[in-house]
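A.B. asks: With the input below, show me the fold.
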Amino acid sequence: MTDSDSYLLGRTEAEVERLKRQIMTLAPDSREQLGRLGIRPGERVVDLGCGPGGVLHLLAERVGSGGSVLGLDRGHEFVALARRFIAERGLTQVEVREGDAYDTGLPKRSFDGAHMRLLLVNVPEPERVVREAVSLVRPGGWVASFEADYVPHCFDPPLPAWSRLLEAYTAHARAQGIDLSVGRRIHRLFRDAGVTDIRVDAIIHVFPAGHERRGFPRSLIANSRGKLVEGGFVARDDLERDLAALESHLSRPDVQVTSNLFFRLTGRLPD
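C.D. replies: I've put the predicted structure just below:
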């Protein structure tokens, strides 16, 4: 996102694979949100922080063959994967470019809408990204944001090892200037950026045994283990011990896994 590319979860192969799975597992929630926007065929929209695919296919469904979707991501590896993603689906109305969400360099007020999903929870200074996104949208156009609040993520029966791991991960995020509960305040960020007609809902899931998203807590920690240890947020032996306990806990069918809270915001720019 910035010159130092501060995407919190990094761009390892394991993170790429997690994001690829996330494209499909979060698609129903995103499709429902996009359906509320009244996106018309032929619109020109931008998706900031598209990762290896994100919602590019869902936006393409809405704008149709006569519209256009521009996906932006800071990482050239993600851009290459996103280009492959759209090529495999024949989405000729979608283009993917390498770009900085803080300063896209795109013409102001040149899009009908701007979208981002789980971007702000992974980068510092989210208000700057919001202002940039809003600046790209024409008067009367729309914005949409899908963000997380990690605090409600829990298990029953509870697991002390998870509490310790999440505490270490939260400290790591805080040291990078990243707010893991940014979802609860996106309404303010967009309102401060001049967006009106703001509507927000929140969703939470309970994942049954065998559901792919039950593994998200493990991936969150495993994909960040190097940074957690190197940053001094947890000792390596403690991390590996607690991570093993977490994996064992998640494998039990009698353990209830509750997702983090997702906030879905839509809004409009004044005419």
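A.B. asks: all contacts plus neighbour counts: C-alpha atoms, from now on.
C.D. replies: OK.
A.B. asks: wait, what's in contact with residue 79?
C.D. replies: Listed by CA atoms under 8 Å, 6 or more residues apart in numbering, the contact partners of residue 79 are 51, 52, 72, 73, 96, 97, 98.
A.B. asks: hang on, I meant residue 257
C.D. replies: 153, 154, 155, 156, 206, 207, 208, 214, 250.
A.B. asks: tally of neighbours for the residue nearest to the second one when sequence neighbours are not counted?
C.D. replies: Read it as residue 154. The shortest distance from residue 154 to any non-neighbouring residue, by CA to CA, 6 or more residues apart in numbering, is to residue 258 (5.4 Å). Using other CA atoms under 10 Å, residue 258 has 18 other residues around it.
A.B. asks: So residue 258 sits against residue 151, correct?
C.D. replies: No. Assessed by CA atoms under 8 Å, residue 258 is found out of contact with residue 151, at 10.7 Å.
A.B. asks: so where do the helices sit in the chain?
C.D. replies: For the chain, helices defined by DSSP state H occupy the ranges 13-25, 27-35, 56-63, 76-88, 126-135, 160-175, 186-192, 216-222, 225-230, 236-250.
A.B. asks: Take those helices and lay them out in TSV including mean pLDDT and distance to residue 200.
C.D. replies: Formatted as TSV, the helices of the chain follow (pLDDT from 0 to 100; distance: least, CA to CA, whole Å):
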stretch	mean pLDDT	distance to residue 200
helix 13-25	82	21
helix 27-35	96	10
helix 56-63	98	19
helix 76-88	95	28
helix 126-135	98	16
helix 160-175	95	25
helix 186-192	98	7
helix 216-222	91	24
helix 225-230	94	33
helix 236-250	97	31
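A.B. asks: Including distance to residue 117, could those helices go into TSV?
C.D. replies: Formatted as TSV, the helices of the chain follow (distance: least, CA to CA, whole Å):
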stretch	distance to residue 117
helix 13-25	11
helix 27-35	9
helix 56-63	11
helix 76-88	15
helix 126-135	12
helix 160-175	18
helix 186-192	12
helix 216-222	16
helix 225-230	23
helix 236-250	26
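A.B. asks: Go through those helices and name the closest to residue 105.
C.D. replies: Set against residue 105 and scored by CA to CA, the helices of the chain come closest in helix 126-135, at 9.5 Å.
A.B. asks: helices and strands around the closest one, which ones?
C.D. replies: Contact analysis of helix 126-135 by 3 or more CA pairs under 8 Å, 6 or more residues apart in numbering; DSSP states H and E lists strand 111-117, helix 186-192 as its packing neighbours.
A.B. asks: right, so of those, which gets closest to residue 235?
C.D. replies: With CA to CA as the criterion, residue 235 lies closest to strand 111-117 of these, at 32.0 Å.
A.B. asks: Adjacent strands (with direction) for that closest one?
C.D. replies: Take DSSP bridges as the rule and strand 111-117 pairs in its sheet with strand 44-48 (parallel), strand 137-149 (parallel).
A.B. asks: Buried residues, the last one. List them.
C.D. replies: Buried residues in strand 137-149, counting neighbours by 16 or more other CA atoms under 10 Å, are found at 137, 138, 139, 141, 142, 143, 144, 145, 146, 147, 148, 149.
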